[in-house]
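**Student:** just the structure for this:
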Amino acid sequence: MKNILFLLALLFSFTNSFSQVYTFEQVINLETTEVISQGTTGTCWSFSTSSFLESEIKRLTGKQIDVSEMYQVRHTYPKKAWNYVMRQGKAQFGEGGLAHDVMNSIRENGLVPKSVYSGMDADASGHNHAELAALLKGMLDVYIDNPSRSLSPKWQGIVSHTLDTYLGKDITDFTYEGVQYTPKSFQAMTKINPDNYVSLTSFTHHPFYSQFILNIPDNFSNGSFYNVTLDDMMATLNRALENGYTVELDCDVSERTFSAKQGLAVIPDDEAHFKEIMTQVRPEKNITQAYRQQEFESYATQDDHLMHITGTMSDQNGKIYYKVKNSWGTDDMYIANGGFVYMSEAYMRLKTIAIMIHKDAMTKDLKKKLKL
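**Tutor:** Prediction:
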């Protein structure tokens, strides 16, 4: 009888350990600017990468600077338009992009603070690009479908004028904190060098420790990624955070178990438990390299959102979650944790498309393997 009671108590204890309401404590908390909203736009790639750069500027210079997201959007749209037109509409044209698109823009056009280029009218309460995106695509489709197949040489100028109208004209010089800058001299002041940042991914359809162009819809600029094992990618992410480097994240947030409202992203060991795991600690699936690849190739994992990893959290059982800064605002009715999402290791292993980090955050051994 005593043995039966002991076993029942043990079973109750085990079950109860996986049915507790989540309680989190901060483990690593790296400096970042406040959470803001990308509004009604598909420009998370610029918002998240700008947030990442703001943390990098703080780390490199000690300065807290709010950089302009829309300055990079303004300079990226013409390149997307060129790609779409030259491919005769057989490419994606939309608001999406990737972290390296911001770096490409900075390399060519520099950086500016948001105070001199907000990308919206002074009386606007937020960003809304629905009309801009529809107008640009409709205009480009007209050029592409021109029966004469002879494009007007004016189309690029009209695209530029449209962007000027909706986002604001390009700027060549400005004053910031009493100092005169150009976008390139401002970039130099921030110590941001795009060549110091690398994008890592982990898929088996290309050799590990090589570069390849990741074939996802928003990679219109054909950016290359370094391919590493899943364990190496996670170890690099962890090492970066432990050593004071924040990390840019490209991932899939379409899962039922990703919730900004609850501030949580997890992968249940059984899909039937997807509701319970959003409110109670439960076991998660073991994510292998093979399972990750299977989910990617079946479109179960897709590139649909970019965010900024700024630290780690621990639940009451000592399990680690990543503290991920989102760009959907901080409305308490719909957004938990002040706009941050606590993402489990299982979710990160399965749903991460790629990460971007400063190359100094990598081990010497990994840099050697990648020939960096």
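**Student:** only C-alpha atoms from now on, for both contacts and neighbour counts.
**Tutor:** OK.
**Student:** closest to the centroid, which residue in the protein?
**Tutor:** Leu306 (2.1 Å; C-alpha atoms, centre = their mean).
**Student:** what are the bridge partners for it, then?
**Tutor:** Judged by DSSP bridges, the bridge partners of Leu306 are Asp250.
**Student:** distance check, it against Asp218.
**Tutor:** 11 Å (C-alpha to C-alpha, to the nearest Å).
**Student:** do the same with Trp155
**Tutor:** Trp155 is 23 Å from Asp218, by C-alpha to C-alpha.
**Student:** leaving out sequence neighbours, find the closest residue to Leu136.
**Tutor:** Residue nearest to Leu136 in three dimensions, not counting chain neighbours: Val159, with 7.0 Å by C-alpha to C-alpha, 6 or more residues apart in numbering.
**Student:** where along this structure do the strands fall?
**Tutor:** For the chain, applying DSSP state E gives strands covering 25-29, 174-176, 179-181, 197-201, 210-213, 224-227, 247-251, 258-259, 264-265, 305-314, 320-325, 340-344, 352-358.
**Student:** quick one: closest of the ones you listed to Thr61.
**Tutor:** strand 352-358 (14.8 Å; C-alpha to C-alpha).
**Student:** can you give me the pLDDT of the residue nearest to Leu136?
**Tutor:** Val159 carries a pLDDT value of 94.
**Student:** mind listing the helices for the stretch 251-372 of the chain?
**Tutor:** With DSSP state H, counting those that start in this stretch as the criterion, the stretch 251-372 of the chain has helices at 289-297, 345-351, 364-369.
**Student:** closest to Gln26 out of those?
**Tutor:** helix 345-351 (15.5 Å).
**Student:** what does that closest one rub up against?
**Tutor:** 230, 234, 251-253, 265-267, 284-287, 291-292, 295, 301-302, 320-322 (C-alpha atoms under 8 Å, 6 or more residues apart in numbering).
**Student:** over to stretch 256-265?
**Tutor:** Counting by C-alpha under 8 Å, 6+ apart, residues outside stretch 256-265 touching it are 266-267, 274-275, 277-278, 333-337, 339-344, 347.
**Student:** one more time with 6 Å, if that's ok
**Tutor:** Here stretch 256-265 makes contact (C-alpha atoms under 6 Å, 6 or more residues apart in numbering) with 266, 334-337, 341-343.
**Student:** now the buried members of the residues you listed.
**Tutor:** 266, 335-337, 341-343 (16 or more other C-alpha atoms under 10 Å).
**Student:** for these, which two are the farthest from each other?
**Tutor:** So for those, where distance means C-alpha to C-alpha, the most widely separated pair is Val266 and Ile335, at 16.6 Å.
**Student:** looking at Trp155 and Asp218, which has the bigger crowd around it?
**Tutor:** Asp218 (21 against 16; other C-alpha atoms under 10 Å).
**Student:** next, count neighbours for Asp303.
**Tutor:** Neighbour tally, Asp303, other C-alpha under 10 Å: 23.
**Student:** equivalent analysis for Gln26, please.
**Tutor:** Gln26: 14 neighbours (other C-alpha under 10 Å).
**Student:** and for it, nearest residue in space, chain neighbours not counted?
**Tutor:** Met313 (4.5 Å).
**Student:** any weak-confidence spans in the stretch 51-200 of the chain?
**Tutor:** 147-151 (pLDDT under 70).
**Student:** if I read this right, Lys184 contacts Gly110, doesn't it?
**Tutor:** Yes. Between Lys184 and Gly110 there is a contact under C-alpha atoms under 6 Å: 4.4 Å.
**Student:** which one of those two is surrounded by more residues?
**Tutor:** Neighbours around Lys184 and Gly110, counted as other C-alpha under 10 Å, are more numerous at Gly110. The numbers are 22 against 18.
**Student:** list the residues that contact the more buried one.
**Tutor:** 183-184, 187.
**Student:** and with 10 Å instead?
**Tutor:** Taking C-alpha atoms under 10 Å, 6 or more residues apart in numbering as the contact definition, Gly110 lies against 71-72, 102-104, 182-188, 192-194.
**Student:** any figure for the gap between it and Met189?
**Tutor:** 11 Å.
**Student:** which residues are common contacts for those two?
**Tutor:** Joint contacts of Gly110 and Met189 (C-alpha under 10 Å, 6+ apart) are Pro183.
**Student:** contact partners of stretch 268-278?
**Tutor:** Against stretch 268-278 from outside (C-alpha under 10 Å, 6+ apart): 18-22, 255-259, 262-267, 281-287, 346-347.
**Student:** my bad, stretch 165-179
**Tutor:** 70-71, 73-75, 109, 112-113, 115-121, 127-129, 131-132, 159-164, 180-186.
**Student:** tell me the buried residues in stretch 48-60?
**Tutor:** 48-59.
**Student:** now stretch 235-250
**Tutor:** 236-238, 240-242, 244-250.
**Student:** ditto for stretch 188-200
**Tutor:** 190, 192, 194, 197-200.
**Student:** next one: stretch 80-89
**Tutor:** In stretch 80-89, counting by 16+ other C-alpha under 10 Å, buried: 80-85, 89.
**Student:** so how far is that stretch off the chain centroid?
**Tutor:** 24 Å (C-alpha atoms, centre = their mean, to the nearest Å).
**Student:** what does stretch 83-103 give?
**Tutor:** Distance, centroid of stretch 83-103 to centroid of chain: 17 Å (C-alpha atoms, centre = their mean).
**Student:** one more: stretch 55-69?
**Tutor:** 17 Å.
**Student:** can you give me the end-to-end span of that stretch?
**Tutor:** OK, stretch 55-69 end separation, C-alpha to C-alpha: 14 Å.
**Student:** ok, now stretch 211-231?
**Tutor:** Across stretch 211-231, first to last residue, C-alpha to C-alpha, it's 17 Å.
**Student:** let me see the contact set for the nearest residue in space to Gly42 that is not next to it in sequence.
**Tutor:** Spatial nearest neighbour of Gly42, excluding adjacent residues (C-alpha to C-alpha, 6+ apart): Glu95 at 4.9 Å. Residues in contact with Glu95, defined by C-alpha under 10 Å, 6+ apart, are 41-45, 73, 76-77, 80, 129-130, 132-134, 218.
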